[in-house]
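> Sequence and predicted structure below; questions after.
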4 protein chains.
Amino acid sequence: MVPPEGRDGGGPKPRRRQGQRTEAKLLDAGMQVLAERGFHSARVDDIVRAAQVSHGTFYLYFANKEDLFRALAVRCADEMTELAASLGAVDAGPDGLAELRSWLGRFIALYRTYGVVIRAWMEDQVANRELARLGARTFAAFAAALVARLEEARPTSRHEADLAGAALLAMIERFTYFVTSRGLDVDEDEAAATLAVLIHRGFFGAPVTAGR
Amino acid sequence: MVPPEGRDGGGPKPRRRQGQRTEAKLLDAGMQVLAERGFHSARVDDIVRAAQVSHGTFYLYFANKEDLFRALAVRCADEMTELAASLGAVDAGPDGLAELRSWLGRFIALYRTYGVVIRAWMEDQVANRELARLGARTFAAFAAALVARLEEARPTSRHEADLAGAALLAMIERFTYFVTSRGLDVDEDEAAATLAVLIHRGFFGAPVTAGR
Amino acid sequence: MVPPEGRDGGGPKPRRRQGQRTEAKLLDAGMQVLAERGFHSARVDDIVRAAQVSHGTFYLYFANKEDLFRALAVRCADEMTELAASLGAVDAGPDGLAELRSWLGRFIALYRTYGVVIRAWMEDQVANRELARLGARTFAAFAAALVARLEEARPTSRHEADLAGAALLAMIERFTYFVTSRGLDVDEDEAAATLAVLIHRGFFGAPVTAGR
Amino acid sequence: MVPPEGRDGGGPKPRRRQGQRTEAKLLDAGMQVLAERGFHSARVDDIVRAAQVSHGTFYLYFANKEDLFRALAVRCADEMTELAASLGAVDAGPDGLAELRSWLGRFIALYRTYGVVIRAWMEDQVANRELARLGARTFAAFAAALVARLEEARPTSRHEADLAGAALLAMIERFTYFVTSRGLDVDEDEAAATLAVLIHRGFFGAPVTAGR
DNA sequence: CATGAATGAGTGTTCATTCAT
DNA sequence: AATGAATGAACACTCATTCAT
């Protein structure tokens, strides 16, 4: 089976306008179906129906279902890495809290879009090795950004900081998952604020302030 | 289709020794296959092969694949609920830390056995409503135990405590998942100890102690 | 596979009292389950549950499921043949009508018990050749009795009488089926009476009497 | 599971020429296999082999086995209802006999095609409620047509006419079944003629004429 | 004489992928 | 560039029958 794009042979095949539109429709439909049905229940049939194209067309643009996932995952990885890099220094004062809060707000927004992909990585639902690695790398970059800020804020052993980073990543991701997909009763703003306070206090040494 | 259990509404069908052994073999095999392949990829075929029984035998003991999952889930729910109840008061001092650490150690051990089930609940991979509710109830009891200790330790609004409980549950579960299944480089004891410190400091107001 | 009774080797195996009781229980259960579930949906499992014996016991008494049916069919054939023989002369007057009516009443009663078997024959649901032949023979005897009475009552060509006999048999069996099993709104007595009038008038040349 | 037809509530999915041919092949094969093997023994496997298509193709055109039966049943119901409506007045003279005979001839022809479906209804082999109702409605319309003609021909109580209608329906269906499928030794023309005479004489008060 | 346990071939259905037009 | 049609391997579940105790 030859992938129609020779993916590792030199980038995506150039497309005419119509082709680009169809590919975009498929990617959007993929995202939507993934979000609605979840990773395992997402059928090619659902995707092509949502994109209003035929089965055959799908395979004109993607070598297989996983190939579509890969495309989405790459986008997600890019945005997550960028987001990770955007986290500024977090001090123990109100500025640090504000930085955290705004950053978490951006993460939650990103999760609204790419939650399915992030979850697939977090839950190790990705059979394909290459894809799994992309997830691992992305998560590592994300955790590294957190660890860097943690170390700036408070001297810690590298190992301990790594574990704290993992715990932070875990908490942020799951909490966001609960908020966006599992009906935890809290709006996004409040979620970002609460999470920021918890992290600020718990991981960045902020003092307990009365009444929040 | 008649479920092999509880035709007239109550209790498991009585089995002879051989039957009990086979049921146990199937449950064990189910746990093992679930752990290896995950919830969605676990095939009845895998399970019966692991249990070394025929396909038909499986359906002698369980009405269907989900029924086996249910049996495992019920066990898990029981143990988790019991564990939740066993969390004692957590003060800001070394006693509180010790209590937390020991309790987390027990959770990690339980996760070694029932991780697949807990994960299935956490990741909402359970199609069956009844089973999903069992998970929700179990998690709720778990979070409630945490919230109760949090409120004891520090007066907080109910809502805030609930969110903190959710965040805690999320962090504990995922961190344990990383440790037990995703190769986070740390042994169980250290994991319990680290997690205990993080939680103690972050959620129960323990002071930052030098050098850990 | 050796049938436990060597059926064509010299009659049924002699049984002790206990054995006879078990066999009877199975035959009764077979009849009951057949009546409830119909020929195709009758499972060995249903039968042994109704008879309160184990699966193994069933095969102690019958070589297979069909073997039980055979036993029931033989009983039914005997009773039907006997009933066929009991039809007396049917003249065009009130005596003929009474004879018909009483005979039909007895048929309906028999149908209450052996309807499933009769239907299986009528509907050709019997895969086994030997059993099918038994049915064909029994029906033939039944039809022959009717034909004999028809010819007595009115001279007809043999061929025409045969066809009339077949039509009569068909009508009697199906009408009774409707009455006993399909909820045709009429009690058994009235059914016998009505059918008797229709047949008497339609096949035995009775004059149309006012008001019935 | 999405039924291949009428997602938004109306009408069959449009097909191209090839698709229509395949659907027709499947319907024909279904009819054929049903006729050969009967309702309960008809396997999807038999049908696709007869239609020379793959297993998967079957489910491209029908949601499941029952759905194919439904399609056949609907056709049958339409034709039967139309036939029922086409029965003209039946007087006691030769015109009435001719009308009956021609009508019965048409019924026998229809039975050649749709006998399996009619039989499934008559023998209550249809598990699906909706389908069973369709059968009941169709039979009711059929019987009603007969009853209407009976009442025209001879004043009777409504109840008695209804029972006579049921008996007539029973006789006509079974007799035709014997003729077309059970090897009753008579050709279709003669069958129609004989049945017409029997019914004319027996139910419509025709005098016994010599020579037959 | 009786039982509970075990078997495995058979059946309906799904869905990612390929193909002819 | 696009389509509708076709494929077949994979999977869950059933049930008549056999077997060890």
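Okay, I see it.
> mind checking the SS state of the residue of chain A found nearest DNA strand F?
Using CB to the nearest atom of the strand, the closest approach of chain A to DNA strand F is made by A:Gly56 at 2.3 Å. (Each C-beta comes from the backbone N, C-alpha and C, glycine too.) State at A:Gly56, reduced to three classes by DSSP: H, G, I helix; E, B strand; the rest coil: helix.
> Which SSE is immediately downstream of the longest helix seen in chain A?
With secondary structure taken from DSSP state H, chain A has its longest helix at helix A:94-122. Going down the chain from helix A:94-122, the next helix or strand is helix A:129-153, by DSSP states H and E.
> Spell out which residues of chain A are next to chain B.
Neighbours of chain B within chain A, by CB under 8 Å from any CB of the partner chain: A:38, A:40, A:119, A:122-125, A:154, A:157, A:160, A:163-164, A:166-167, A:170-171, A:173-175, A:177-178, A:181-182, A:184, A:186, A:191, A:194-195, A:198-199, A:201-203, A:205, A:208, A:212.
> neighbours around the residue of chain A closest to DNA strand F, how many?
Other residues near A:Gly56 number 8, with proximity taken as other CB atoms under 10 Å in any protein chain shown.
> What spatial separation is found between A:Glu151 and B:Gly105?
Using CB to CB, to the nearest Å, one gets 27 Å for the distance from A:Glu151 to B:Gly105.
> For chain A, what lies in contact range of DNA strand F?
For chain A, the contact set with DNA strand F under CB under 7 Å from any atom of the strand comprises A:15-16, A:18-19, A:21-22, A:52-57, A:60.
> Output the residues you listed in TSV; the columns should cover distance to chain C and pLDDT.
Formatted as TSV, those follow (distance: CB to the nearest CB, whole Å; pLDDT from 0 to 100):
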residue	distance to chain C	pLDDT
A:Arg15	58	70
A:Arg16	60	75
A:Gln18	56	83
A:Gly19	55	81
A:Arg21	55	91
A:Thr22	51	94
A:Gln52	45	95
A:Val53	45	96
A:Ser54	42	95
A:His55	38	96
A:Gly56	42	95
A:Thr57	45	96
A:Leu60	48	95
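> about what we covered before: buried residues in the longest helix of chain A, which are they?
Neighbour counts over helix A:94-122 (16 or more other CB atoms under 10 Å in any protein chain shown) mark A:96-97, A:99-101, A:103-108, A:110-111, A:114-122 as buried.
> Tell me the helices and strands packed up against it.
helix A:17-37, helix A:65-85, helix A:129-153, helix A:158-181, helix A:188-203 (3 or more CB pairs under 8 Å, 6 or more residues apart in numbering or on different chains; DSSP states H and E).
> can you tell which of these is closest to B:Asp78?
Closest to B:Asp78 of the helices and strands packed on helix A:94-122 is helix A:158-181 (CB to CB; 23.9 Å).
> Show the pLDDT at A:Met122.
Looking at A:Met122, its pLDDT is 95.
> Pretty sure it sits against A:Met171.
No: with contact defined as CB atoms under 8 Å, A:Met122 does not reach A:Met171; the gap is 11.7 Å.
> how close does the residue of chain A closest to DNA strand F sit to A:Val48?
9 Å.
> list the contacts for the closest residue to chain B within chain A?
As assessed by CB to the nearest CB, chain B sits closest to A:Gly202 within chain A, at 2.2 Å. Residues counted as contacts of A:Gly202 (CB atoms under 8 Å, 6 or more residues apart in numbering or on different chains) are B:198, B:201-203.
> same question, A:Gly165
By CB under 8 Å, 6+ apart, the neighbours of A:Gly165 are A:143-144, A:146-147, A:150.
> Closest to A:Glu82 out of those residues?
Closest to A:Glu82, out of all of those and judged by CB to CB, is A:Ala144, at 13.9 Å.
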